[in-house]
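*Asks:* no sequence on this one, just coordinates:
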Ligand SMILES: Cc1ncc(C[n+]2csc(CCOP(=O)(O)OP(=O)(O)O)c2C)c(N)n1
Ligand SMILES: Cc1ncc(C[n+]2csc(CCOP(=O)(O)OP(=O)(O)O)c2C)c(N)n1
Ligand SMILES: [Mg+2]
Ligand SMILES: [Mg+2]
């Protein structure tokens, strides 16, 4: 079958459908994932086709959702949990850190924990409080979890398929404001490892790395910079933990400049880790310190202010200028 | 009154006692903090002297402890919450991130949130699972919280007094394996700002920064290095968020080398942030990348292995060597 | 087979099993089956053990346990409250449709449940809302326009929660229940309970779905453990977004109370007089030191969960139609008219007041100004930090860079 | 005043208020008052609505609802189980005192509660323990020596939880309840419920203090919502470290069950026959699709919370002495002797077996080897990562640096 054009939302929905059809141990569970198909419709139609036992509307309790998913995984199922919004994962945080992430280690491998925790994340949709957060950094600090974020429809499909096939727990971040963006998806291609950093644009002057929702302004910045005669090399991390830094270090060796872009508040975040690690690995190549374009160290502001909070084309370009001028 | 020699545990107990005597709005609450005086006896004798309403044995539920403390703070109280062990703060994580940290921002200052969340943290006591963790990095990523860690009896007393007096929520980390270590405490001195980085030893070759339980091996490393003719400049952060980096940047300007030491797993941690920020601020002064001596990116191991997991004198010295040899 | 309570539970299980099957079947079919809707209706018109006083037809019958002095002033006041609240609630919906608000959370159908509870509160009492409590806000003296910023993305509500004794809206399901219990513990420690008219208590609001959250359980555990003067007021509007209450529980929610050794009462949530009488009793129990108390207001969410929601995907119009017959305002109007407590002039005047409020509500909304970037950095702490001041200064400098060409860095 | 359940709750409140005062008074005084201890005793010998069959004096009286065939083999087997478990539990305490273990969590006093429940489990059933369930481990065929590494800091337990159908010990209070419910949901989805001898169910274990945790509530909510074949087995040993059960609840814990529409039964937790009969019934209810069920085993923590705890700070020796009279093993011994089911030879043989086990337990403990650094990095993931392999390699290289002078970097 050849490539089809799908929205990110539909690509994710298709990945769930294909995984469920392929393996009847795959379950979908969460709040409103049944008849409603999820508030973003990512699970649309799945309950109708796979039944109530494989697509479960759960009681309203995230610790309960994650905690029972742990038990289902022990029983041999492969639960795919939907957290309705980023800001609502925290009631389930204890089960994630104390059980999901540790069961394999604790049992010395007697248990596996094949579980996917899907989290629509990030801002830009004009939502109320707790609906626009970027909590990925918390999960990157938890050993035993794999943390990934998709940025387009094709990765949405293939990364979710890979996450569901993985025998380790994967926290899967979906850029909610890109759900309706269309892209080419080749569902037939044999799956390669999609949990790796990928080059999005080759360049020579400055390396820029990001993931998820911020890839769009980063790609736009690449275009804009080109028109101004600056050549940016752009990477999409895809895997936030573990980090696949080799391609970035390689790039920095020839550009000498690195800008890291993320919506997450800056302090003690994924951008801190990338800055620290790349500096450790490419110290003599760096002609300027790694510059971070990130959310501010404040709670997410009222949505009319989010355009200023979120990394924008302009903020990325300004950071590149600062790095090059350093 | 002149200085007295107290264990860290007794210094903390005295700070609670003095704060409660000074302000009857100060409350202590948690599991087993009453008659038992807490599993580490930090609240020993307080219920006997201040009564059951001011020193409360709560039901066994951390979200309940933190969540009701929020309400008490709104009512005008200054709750000091004890979390029994580091690994048990996570059931309360949602209330901390969604309410404790955001109430002031949400209400545009109409509410204040004067609350202290005390957490005995770190390893080295030969304990079972969940009793030796270093979760401070999670809290450093949460805007609206102040995060501090004490390393000795004097700071234990004065930092806890300051935390209780603070109108913002303070997550207060106590190095449990140092509870029985004695130190001089001058309780009479007028309180200065103790939430700042402090110089512990002046030196010229390499800057080493740490906090809490790891200050001991770092100070020992300073001694050992001196005997080998290497002069280390040692800092105790005390405040983990916000970070007080000026003294460290100053130091790096003349040493050109920085080693950061922490028990917390390395990935996306407080050590990542220090490395990133100091590199941003002192890029041209650094003759080597910031080197991190940290916990491994694994769950906390069985305790017989913790000596290898925890930053030791030897690991600190080896890192200093690597930095100087870079 | 088993002792008392267990025996109870057998009965519960049996009955709810029926309901469950009825509802369960629907999960697989695209739309609910007719018998389901009927089940819904049965649940409605005959909610077991429910306290009610004013029938859907507007016939008043006093309840022995919850005496209430039904004066014209009282009933007219409650009617006015409900009409005004419904009016600005509808205006909120309209403003969202017209792009003036990002989202609106309608209370349609829950006016009696909220006005009845809200009017049982004294000025010195404290209230902890969820996000749908516009009627409670109204009773606390919060100007409805102070709600608008939340839904327009300007702020998180502009009333002073400490002065109004009405906490900020809380969106994380269940959080506010624990916060309310803590506040009530403080009231007890302050010694403000007793028979005096100045005695205080706290009421917290949450939904049927929220009862599944650990925080709500822990709230009841702590409330009972510390004899906190708090009323747990659960508005069971039958739905948690797309999930019917049967997904959360096998037994009527008010029966949860017994598990904590506190009284639990189910009241007809569309009967404002019953809600008021029961809430007054419950608050007095708390003020006099007999708290906590749990109330389940059995009502219905007549509109979508929010303006972003599409209920046609998960529930039948018939169900909503049937509940229309139980409208909380209509029955009061009928009662006022039949009893001669109010005349046409009164109804006209309330209507006029409502339109006036709606107009002011709308004007305030469209006039709302977006704050500057300083709002992003303000009040993160009571005692701000150098790190944050630096970050704000850097961003201000960055924005100045665009000052000349006027452009502002907006995310693409 | 209020309908059925609420009325119930009034009664509960009244009675538990008494108890509360009795216990509450103690909170302020350094030691419990005598009347408190008495209260404790009253609660014990006459725990309301408690199912019991074998009196403290060893007199057996069948219970109409929970028939059990009391054969010599059965009773002798249960006696042996309890004696052996108590013996290695005591050895664990001794090993800690002698510095061979970092800590030990004693089950002393809870032998009947655990052996009764454990022997109700079939091989195909699943069990989720907390951290005190040495007796359950025994019944699941876990060799006691496989528990030692946990308390010596060598590992997290070396039995295979999947093969033994006995999950790892869970230390974070309440977590395992949700995990157990999920596992039981899976049993239901697998279609292994029914009347066949192969039908499966799950039992999870938690304490009185744990009932306050949100996870335990959510476990019951999910269990009821999905009709999961799970038995919630609460060992109420009267204490959560230093906090008496009155700090957690106003009402008997088994009454929590009614709030979820599931049966709740209180059993004399020191009566192994009652615990067995009730557990068998409950597991069969679950295996045949009538789950969940809650059981409260009313027992007592005879020893400290752990070897690190000092109970003299918060409870009177008298209380413990009084419970000694209710010892779970003594009553079975009396029954066996009086009924002539067993003779001196049997008791001697069990004693000998116990000493043998204790010796093997001790030897295994002192012989345990500390694993190498590779254990730190092993099984973090099912599919390891380059990042972790690099970290392990770096550390190995670092350690090699000390190889010559033999020293290893130990923390100071
Ligand atoms: C912890 C958490 N999880 C999920 C959500 C998303 N959410 C918002 S409202 C809602 C349903 C609430 O139902 P109910 O408690 O009955 O209140 P109602 O909306 O019916 O008034 C959900 C799941 C949330 N706000 N918080
Ligand atoms: C979430 C969490 N909080 C606190 C603790 C510390 N802790 C360990 S055991 C215990 C008391 C448990 O009491 P109970 O549930 O009655 O079980 P028991 O120990 O009496 O068997 C506490 C507070 C913990 N292990 N987990
Ligand atoms: Mg609802
Ligand atoms: Mg207990």
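*Replies:* Noted; the coordinates are in hand. What you see is a predicted model, and the numbers here were worked out from it, not measured in a lab. Ligands and ions are numbered 1, 2, ... in the order given.

*Asks:* Give me the sheet partners of whichever helix or strand residue C:204 is part of and which way each runs.
*Replies:* In this structure, residue C:204 sits in strand C:202-207 according to DSSP states H and E. The pairing partners recorded for strand C:202-207 under DSSP bridges are strand C:126-128 (parallel), strand C:230-236 (parallel).

*Asks:* what's the closest of those to residue A:288?
*Replies:* strand C:126-128 (50.1 Å; Cβ to Cβ). Glycine gets a C-beta too; all of them are placed from N, C-alpha and C.

*Asks:* Now do the closest one: everything it contacts.
*Replies:* For strand C:126-128, contacts defined as Cβ atoms under 8 Å, 6 or more residues apart in numbering or on different chains pick out C:118, C:121, C:133, C:136, C:140, C:165-167, C:170, C:176-177, C:179-180, C:183-184, C:187, C:200-205.

*Asks:* so for that strand, what's the average pLDDT?
*Replies:* When pLDDT is averaged along strand C:126-128, the result is 99.

*Asks:* hang on, the earlier thing: make a markdown table from the strands paired with strand C:202-207 and add mean neighbour count to it.
*Replies:* Shown next, in a markdown table, are the strands paired with strand C:202-207 (neighbours: other Cβ atoms under 10 Å in any protein chain shown):
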| stretch | mean neighbour count |
| --- | --- |
| strand C:126-128 | 28 |
| strand C:230-236 | 30 |
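
*Asks:* possible to save these as a markdown table with distance to ligand 2?
*Replies:* Listed next are the strands paired with strand C:202-207 as a markdown table, based on distance: least, Cβ to the nearest ligand atom, whole Å:
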| stretch | distance to ligand 2 |
| --- | --- |
| strand C:126-128 | 25 |
| strand C:230-236 | 24 |
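
*Asks:* which one of the ones you listed lies closest to residue D:93?
*Replies:* Among the strands paired with strand C:202-207, strand C:230-236 comes nearest to residue D:93, with 43.4 Å by Cβ to Cβ.

*Asks:* can you give me the mean pLDDT across the closest one?
*Replies:* Strand C:230-236 shows a mean pLDDT of 98 in the predicted model.

*Asks:* so where do the strands sit in the stretch 51-200 of chain A?
*Replies:* For the stretch 51-200 of chain A, the strands defined by DSSP state E, counting those that start in this stretch occupy A:55-57, A:78-82, A:116-121, A:146-149, A:170-175, A:182-185, A:198-201.

*Asks:* oh sorry, the question was meant for the stretch 201-350 of chain C
*Replies:* Ranges of strands within the stretch 201-350 of chain C are C:202-207, C:230-236, C:239-240, C:243-244, C:264-268, C:293-298, based on DSSP E, counting those that start in this stretch.

*Asks:* out of everything not next to it in sequence, what's closest to the residue positioned nearest the centre of chain C?
*Replies:* By Cα atoms, centre = their mean, chain C has its centre lying nearest to residue C:133, at 3.9 Å. Ranked by Cβ to Cβ, 6 or more residues apart in numbering or on different chains and with sequence neighbours excluded, the top spatial neighbour of residue C:133 is residue C:205, at 5.3 Å.

*Asks:* Tell me, how many residues neighbour that neighbour?
*Replies:* A count of neighbours around residue C:205, defined by other Cβ atoms under 10 Å in any protein chain shown, yields 29.
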